[in-house]
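K.L.:
pasting the sequence and the predicted coordinates here, then a few questions.
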Amino acid sequence: AQKVTQAQTEISVVEKEDVTLDCVYETRDTTYYLFWYKQPPSGELVFLIRRNSFDEQNEISGRYSWNFQKSTSSFNFTITASQVVDSAVYFCALRQIQGAQKLVFGQGTRLTINP
Amino acid sequence: ETGVTQTPRHLVMGMTNKKSLKCEQHLGHNAMYWYKQSAKKPLELMFVYSLEERVENNSVPSRFSPECPNSSHLFLHLHTLQPEDSALYLCASSQEFGRGTDTDTQYFGPGTRLTVL
């Protein structure tokens, strides 16, 4: 069975601080996709990144960066110099490449950036 | 309109009512999804349609009835719901389903906040 764990239920930081959201996953598959989505108060899930399991290169996009460590089954997300607009619930998700290919989500981390 | 739209954004209904949720995608995608997001529970996949055919039904009660008349539209018909069905219902679409490639990446709508009294 596949499982995604986001142990941090809520995080609150002051603007301009760096913050890391943790994601740990479980799967028996050797190949899979990992995702991060952002859910602002308006409700829609905004796609942030997709990472294939055989590509362990870390990625940076502006203030966002992702650290994929296959050895520890983790796919952590760091926001540098956080801003109030980053306040949202962030979801990590896993999807098989073969088989049912269901997108399995973690519980989400509610991030609050205080001015 | 761009992306994935959902109407209504908010819905309050009694347990004996019949209502429908509508989703429309403007991305030219071939697959559409319904998810349920309850408080304190992970997002739950309800239904998947690919090329207007239902390809997945995750043990959803029959009081939820999906309909996909074409690849751009997806409906969720609701009848005799229970208070525990109150949740945010999210629609998503992807370019394809089941290819195991990046064309399976799902893009979500804003959701319908449903309250069952």
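P.N.:
That came through fine.

K.L.:
ok, which residues in chain B are in contact with chain A?
P.N.:
For chain B, the contact set with chain A under Cβ under 8 Å from any Cβ of the partner chain comprises B:4, B:9, B:40-43, B:45, B:56, B:88, B:90, B:92, B:97-98, B:100, B:102, B:104-111, B:113. All C-beta spots, glycine's among them, are computed from the backbone N, C-alpha and C.

K.L.:
of those residues, just the buried ones, PyMOL syntax please.
P.N.:
Selection of buried members from these for PyMOL, criterion 16 or more other Cβ atoms under 10 Å in any protein chain shown:
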select buried, chain B and resi 4+42+43+45+56+88+90+92+97+98+100+104+105+106+107+108+109+110+111+113
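
K.L.:
where strands are concerned, which of the residues of chain B next to chain A count?
P.N.:
Of those, the ones assigned to strands by DSSP state E are B:4, B:45, B:56, B:88, B:90, B:92, B:107-108, B:113.

K.L.:
which one in these is the model shakiest on?
P.N.:
On pLDDT alone, residue B:56 ranks lowest of these, at 77.

K.L.:
which residues does it bridge with?
P.N.:
Per DSSP bridges, the residues bridged to residue B:56 are residue B:48.

K.L.:
do you know how far the residue nearest the centre of chain B is from chain A?
P.N.:
When Cα atoms, centre = their mean is applied to chain B, the residue found nearest the centroid is residue B:34 (2.5 Å). Residue B:34 is 13 Å from chain A, where distance means Cβ to the nearest Cβ, to the nearest Å.

K.L.:
pLDDT wise, what is residue A:108 at?
P.N.:
pLDDT for residue A:108: 95.

K.L.:
ok, it touching residue A:6?
P.N.:
Yes. Counting by Cβ atoms under 8 Å, residue A:6 is a contact partner of residue A:108 at 6.2 Å.

K.L.:
who touches both of those two?
P.N.:
Common contact partners of residue A:108 and residue A:6 (Cβ atoms under 8 Å, 6 or more residues apart in numbering or on different chains): A:90-91.

K.L.:
so between these two, which is more surrounded?
P.N.:
Using other Cβ atoms under 10 Å in any protein chain shown, the more surrounded residue of residue A:108 and residue A:6 is residue A:108, with 24 against 21.

K.L.:
from residue B:38, how far out is the more buried one?
P.N.:
Going from residue A:108 to residue B:38 by Cβ to Cβ, to the nearest Å gives 12 Å.

K.L.:
what does residue B:87 give?
P.N.:
Look at residue B:87 and residue B:38: by Cβ to Cβ, they are 4 Å apart.

K.L.:
of those two, which one has the most company?
P.N.:
Applying other Cβ under 10 Å to residue B:87 and residue B:38 shows that residue B:87 carries more neighbours, namely 20 against 13.
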